[in-house]
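Enquirer: got a structure for you, letters missing:
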């Protein structure tokens, strides 16, 4: 089974930069003017998941809950440390998660739309 997380945004370029340059994911595809939508697909090669972000003329009013999170589990401690260092290098602040479990097992920050992201150290070798 494959998995796609799709979300609308007000600024596709900022989201693309964040997920590719800050988090190091790959841009695997894009589309323009598909029924009024532009979009991008972001993920990791040879994985069974990807993120889809779309933009249209509609202005999005985000209604995220503090527990609505994307959680990424790097396999290696070097990958985890590299992600954390890159996030810091881009002056992105880490914040406390509402659920204390994530504060003990990773680091939380927000993407440009204000959506919560956790980089967890649970699977690191």
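Expert: Structure's in. What do you need? Quantities reported herein were computed from a predicted structural model and do not represent experimental measurements.

Enquirer: thinking residue 60 is in contact with residue 8, fair?
Expert: Yes. Residue 60 lies in contact with residue 8 (C-beta atoms under 8 Å); the separation is 5.1 Å. All C-beta atoms are positioned from the backbone trio N, CA, C, and that covers glycine.

Enquirer: for the two, indicate the residue with more neighbours.
Expert: Each of residue 60 and residue 8 has its neighbours counted (other C-beta atoms under 10 Å); residue 8 has more, 17 against 14.

Enquirer: that one pairs with what?
Expert: Residue 8 has these beta-bridge partners by DSSP bridges: residue 54.

Enquirer: domain ranges for this structure, per the record?
Expert: With domains defined by automatic domain parsing, the chain comprises 3-55, 69-120.

Enquirer: okay if I get these as TSV plus mean pLDDT?
Expert: TSV is the format used below for the domains of the chain (pLDDT from 0 to 100):
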stretch	mean pLDDT
domain 3-55	96
domain 69-120	96
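
Enquirer: next SSE after whichever strand or helix holds residue 4?
Expert: According to DSSP states H and E, residue 4 maps onto strand 3-8. Note on strand 3-8: by DSSP H and E, the next helix or strand toward the C-terminus is helix 12-17.

Enquirer: check which residues of that following helix are buried.
Expert: Buried residues in helix 12-17, counted by 16 or more other C-beta atoms under 10 Å: 12, 15, 16.

Enquirer: got it, and stretch 50-68?
Expert: Neighbour-count burial for stretch 50-68 flags 50, 51, 52, 53, 54, 55, 56 (criterion: 16+ other C-beta under 10 Å).

Enquirer: contacts for the lengthiest helix in the chain, please.
Expert: Ranked by residue count and defined by DSSP state H, the top helix of the chain is helix 77-89. Outside helix 77-89, the residues that touch it by C-beta atoms under 8 Å, 6 or more residues apart in numbering are 22, 23, 24, 72, 74, 94, 107, 109, 119, 121, 124, 125.

Enquirer: correct me, but the fifth one touches residue 119?
Expert: Yes. Look at residue 74 against residue 119 with C-beta under 8 Å: they come within range, at 6.8 Å.
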